[in-house]
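Novice: turn this into a model:
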Amino acid sequence: MRIVGGKYRNRRLHPPSEMEARPTTDFAKEGLFNVLQHSVPLDGIRVLDLFAGTGNISLEFLSRGALEVISVDQDRALFAFMQRTARDLGETGWRMVRSDVFAFLNNHRGQYDIVFADPPFHMEQIERVPALVRQSGLLGEEGVLILEHHEKVVLSKEPGYLRTRTYGLIHFSFFGPEKQEA
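Specialist: Numbers count the residues shown, from 1 in each chain. Got it, this is the predicted structure:
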(Lines give C-alpha, C1' and ligand atoms only; values in the text may rest on other atoms or scores of the structure.)
Protein backbone atom coordinates (compact mmCIF):
# COMPACT_ATOMS: atom_id res chain seq x y z
CA MET A 1 0.00 0.00 0.00
CA ARG A 2 1.36 3.40 -0.94
CA ILE A 3 0.43 7.07 -1.15
CA VAL A 4 -0.22 7.82 -4.82
CA GLY A 5 0.14 11.63 -4.96
CA GLY A 6 1.24 14.85 -3.30
CA LYS A 7 4.06 15.47 -0.85
CA TYR A 8 4.05 11.87 0.47
CA ARG A 9 3.85 10.37 -3.02
CA ASN A 10 5.21 6.81 -3.30
CA ARG A 11 5.62 6.49 0.47
CA ARG A 12 4.81 2.93 1.42
CA LEU A 13 2.63 2.08 4.39
CA HIS A 14 3.06 -1.18 6.28
CA PRO A 15 -0.10 -1.78 8.32
CA PRO A 16 -0.34 -4.58 10.88
CA SER A 17 -0.41 -7.97 9.18
CA GLU A 18 -3.36 -9.16 11.31
CA MET A 19 -5.60 -6.25 10.26
CA GLU A 20 -9.08 -7.02 9.00
CA ALA A 21 -9.46 -3.78 7.04
CA ARG A 22 -9.75 -3.68 3.25
CA PRO A 23 -7.56 -0.77 2.10
CA THR A 24 -8.66 1.14 -0.98
CA THR A 25 -6.57 0.00 -3.94
CA ASP A 26 -3.98 2.32 -5.51
CA PHE A 27 -5.92 2.14 -8.80
CA ALA A 28 -9.16 3.28 -7.12
CA LYS A 29 -7.36 6.03 -5.14
CA GLU A 30 -5.74 7.39 -8.29
CA GLY A 31 -9.10 7.52 -10.02
CA LEU A 32 -10.83 9.14 -7.06
CA PHE A 33 -8.20 11.82 -6.60
CA ASN A 34 -8.10 12.58 -10.33
CA VAL A 35 -11.83 13.33 -10.11
CA LEU A 36 -11.39 15.38 -6.93
CA GLN A 37 -8.45 17.43 -8.23
CA HIS A 38 -10.60 18.58 -11.15
CA SER A 39 -13.75 19.32 -9.16
CA VAL A 40 -12.88 20.31 -5.57
CA PRO A 41 -10.05 22.46 -4.21
CA LEU A 42 -8.02 20.17 -1.93
CA ASP A 43 -5.62 22.75 -0.54
CA GLY A 44 -6.56 23.97 2.94
CA ILE A 45 -9.72 21.86 3.32
CA ARG A 46 -11.06 20.03 6.37
CA VAL A 47 -11.75 16.31 5.87
CA LEU A 48 -13.55 13.74 8.00
CA ASP A 49 -12.58 10.14 7.22
CA LEU A 50 -15.12 7.66 8.62
CA PHE A 51 -14.21 3.97 8.94
CA ALA A 52 -10.63 5.17 8.34
CA GLY A 53 -8.93 1.78 8.74
CA THR A 54 -5.23 2.26 7.98
CA GLY A 55 -5.60 6.00 7.36
CA ASN A 56 -4.69 5.41 3.72
CA ILE A 57 -7.29 7.91 2.37
CA SER A 58 -6.58 10.38 5.19
CA LEU A 59 -2.94 10.48 4.15
CA GLU A 60 -3.88 11.02 0.51
CA PHE A 61 -5.84 14.13 1.51
CA LEU A 62 -3.03 15.39 3.76
CA SER A 63 -0.46 14.68 1.07
CA ARG A 64 -2.46 16.83 -1.36
CA GLY A 65 -2.79 19.86 0.91
CA ALA A 66 -5.68 19.25 3.33
CA LEU A 67 -5.29 21.45 6.39
CA GLU A 68 -6.94 19.04 8.80
CA VAL A 69 -8.08 15.43 8.62
CA ILE A 70 -9.95 13.64 11.38
CA SER A 71 -9.88 9.85 11.03
CA VAL A 72 -12.46 7.77 12.90
CA ASP A 73 -12.11 4.04 13.45
CA GLN A 74 -12.83 1.76 16.39
CA ASP A 75 -10.14 -0.88 15.78
CA ARG A 76 -7.37 -0.60 18.38
CA ALA A 77 -4.53 -1.89 16.17
CA LEU A 78 -5.46 0.34 13.22
CA PHE A 79 -5.87 3.36 15.50
CA ALA A 80 -2.37 2.74 16.91
CA PHE A 81 -1.03 2.31 13.37
CA MET A 82 -2.48 5.69 12.30
CA GLN A 83 -1.00 7.38 15.38
CA ARG A 84 2.42 5.84 14.71
CA THR A 85 2.29 6.86 11.04
CA ALA A 86 1.37 10.46 11.90
CA ARG A 87 4.23 10.59 14.41
CA ASP A 88 6.71 9.12 11.91
CA LEU A 89 5.68 11.70 9.28
CA GLY A 90 5.54 14.58 11.75
CA GLU A 91 2.03 15.24 10.43
CA THR A 92 0.36 17.80 12.73
CA GLY A 93 -2.85 18.19 10.72
CA TRP A 94 -3.97 14.62 11.32
CA ARG A 95 -6.14 13.71 14.31
CA MET A 96 -7.50 10.29 15.10
CA VAL A 97 -10.60 9.38 17.07
CA ARG A 98 -11.05 5.82 18.30
CA SER A 99 -14.79 5.39 18.25
CA ASP A 100 -17.70 3.59 16.69
CA VAL A 101 -18.56 5.72 13.66
CA PHE A 102 -22.29 5.80 14.44
CA ALA A 103 -21.67 6.99 18.01
CA PHE A 104 -19.27 9.61 16.62
CA LEU A 105 -21.91 10.85 14.14
CA ASN A 106 -24.40 11.28 16.98
CA ASN A 107 -22.03 13.29 19.20
CA HIS A 108 -19.48 15.18 17.11
CA ARG A 109 -19.98 18.79 16.08
CA GLY A 110 -18.13 20.56 13.30
CA GLN A 111 -18.30 20.99 9.55
CA TYR A 112 -16.12 19.52 6.85
CA ASP A 113 -15.46 20.22 3.20
CA ILE A 114 -15.24 16.50 2.46
CA VAL A 115 -16.60 13.58 4.43
CA PHE A 116 -15.22 10.28 3.18
CA ALA A 117 -16.79 7.02 4.38
CA ASP A 118 -15.49 3.54 3.64
CA PRO A 119 -17.65 1.18 5.72
CA PRO A 120 -16.93 -2.55 5.66
CA PHE A 121 -18.47 -3.97 2.51
CA HIS A 122 -20.29 -6.64 4.56
CA MET A 123 -21.90 -4.02 6.83
CA GLU A 124 -25.67 -4.05 6.67
CA GLN A 125 -27.53 -0.89 5.68
CA ILE A 126 -24.62 0.98 4.11
CA GLU A 127 -27.37 2.93 2.34
CA ARG A 128 -28.18 4.81 5.57
CA VAL A 129 -24.71 6.39 5.87
CA PRO A 130 -25.44 9.41 3.60
CA ALA A 131 -28.58 10.33 5.55
CA LEU A 132 -26.78 9.95 8.89
CA VAL A 133 -23.94 12.21 7.74
CA ARG A 134 -26.38 14.86 6.50
CA GLN A 135 -28.48 14.67 9.68
CA SER A 136 -25.39 15.11 11.83
CA GLY A 137 -24.70 18.49 10.19
CA LEU A 138 -21.06 17.57 9.48
CA LEU A 139 -21.17 18.35 5.78
CA GLY A 140 -20.32 21.98 5.03
CA GLU A 141 -22.50 24.22 2.87
CA GLU A 142 -20.56 23.28 -0.28
CA GLY A 143 -19.37 19.98 1.16
CA VAL A 144 -19.12 16.63 -0.56
CA LEU A 145 -19.73 13.20 0.95
CA ILE A 146 -17.95 10.33 -0.78
CA LEU A 147 -19.07 6.81 0.09
CA GLU A 148 -16.94 3.85 -1.00
CA HIS A 149 -18.96 0.69 -1.58
CA HIS A 150 -19.35 -2.45 -3.68
CA GLU A 151 -21.53 -2.83 -6.75
CA LYS A 152 -24.53 -4.37 -4.95
CA VAL A 153 -25.19 -1.13 -3.04
CA VAL A 154 -27.42 1.22 -5.05
CA LEU A 155 -27.41 4.81 -3.82
CA SER A 156 -28.69 6.77 -6.82
CA LYS A 157 -32.12 7.35 -5.25
CA GLU A 158 -30.73 8.80 -1.99
CA PRO A 159 -31.25 12.54 -1.35
CA GLY A 160 -28.26 14.64 -2.37
CA TYR A 161 -26.89 11.95 -4.74
CA LEU A 162 -24.66 13.43 -7.46
CA ARG A 163 -22.87 10.57 -9.26
CA THR A 164 -20.98 7.29 -8.91
CA ARG A 165 -17.51 6.53 -10.25
CA THR A 166 -16.35 2.93 -10.62
CA TYR A 167 -12.76 1.66 -10.49
CA GLY A 168 -12.67 -2.11 -10.82
CA LEU A 169 -14.78 -3.52 -7.98
CA ILE A 170 -14.71 -0.24 -6.04
CA HIS A 171 -17.54 2.29 -6.37
CA PHE A 172 -17.42 5.86 -5.06
CA SER A 173 -20.79 7.59 -4.75
CA PHE A 174 -20.77 11.37 -4.34
CA PHE A 175 -23.36 13.37 -2.43
CA GLY A 176 -23.87 17.07 -1.88
CA PRO A 177 -25.78 18.69 0.94
CA GLU A 178 -29.52 18.60 0.51
CA LYS A 179 -30.67 21.97 -0.71
CA GLN A 180 -33.22 23.69 1.51
CA GLU A 181 -36.29 25.15 -0.15
CA ALA A 182 -36.36 28.97 0.01
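
Novice: what are the buried residues along the longest helix seen in the chain?
Specialist: Using DSSP state H, we find that the single longest helix of the chain is helix 76-89. For helix 76-89, burial by neighbour count (16 or more other C-beta atoms under 10 Å) applies to 77-79, 81-83, 85-86, 89. Glycine gets a C-beta too; all of them are placed from N, C-alpha and C.

Novice: I'd like the residues you listed written out as TSV, with distance to residue 113 added.
Specialist: Output for the buried residues of helix 76-89, formatted as TSV (distance: C-beta to C-beta, whole Å):
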residue	distance to residue 113
77	29
78	24
79	24
81	25
82	20
83	24
85	22
86	20
89	22
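
Novice: how about the residues you listed in a markdown table, adding pLDDT and distance to residue 147?
Specialist: A markdown table is the format used below for those (pLDDT from 0 to 100; distance: C-beta to C-beta, whole Å):
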| residue | pLDDT | distance to residue 147 |
| --- | --- | --- |
| 77 | 91 | 24 |
| 78 | 92 | 19 |
| 79 | 95 | 22 |
| 81 | 94 | 23 |
| 82 | 95 | 20 |
| 83 | 96 | 25 |
| 85 | 95 | 24 |
| 86 | 96 | 24 |
| 89 | 94 | 27 |
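
Novice: mind listing the helices for the protein?
Specialist: Counting by DSSP H, the helices of the chain are 26-37, 56-63, 76-89, 101-107, 129-136.

Novice: tell me which of those sits most buried.
Specialist: helix 56-63 (a mean of 26; mean count of other C-beta atoms under 10 Å).

Novice: which residues touch that helix?
Specialist: With C-beta atoms under 8 Å, 6 or more residues apart in numbering as the test, helix 56-63 has contacts from 1, 3-9, 13, 23-24, 29, 33, 42, 45, 47, 49, 52, 69, 71, 82, 85, 89, 91, 93-94, 114, 116, 118.

Novice: PyMOL command to pick out the buried ones of those?
Specialist: Listed next is the PyMOL selection for buried residues among these, using 16+ other C-beta under 10 Å:
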select buried, resi 1+3+4+5+6+8+13+23+24+29+33+42+45+47+49+52+69+71+82+85+89+91+93+94+114+116+118
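
Novice: in the longest strand seen in the chain, what's buried?
Specialist: Counting by DSSP state E, the longest strand found in the chain is strand 139-149. In terms of neighbour count (16+ other C-beta under 10 Å), strand 139-149 has its buried residues at 139-140, 143-149.

Novice: hmm, who's touching stretch 98-108?
Specialist: By C-beta under 8 Å, 6+ apart, stretch 98-108 touches 50-51, 72-74, 76, 79, 97, 117, 119, 132-133, 136, 138.
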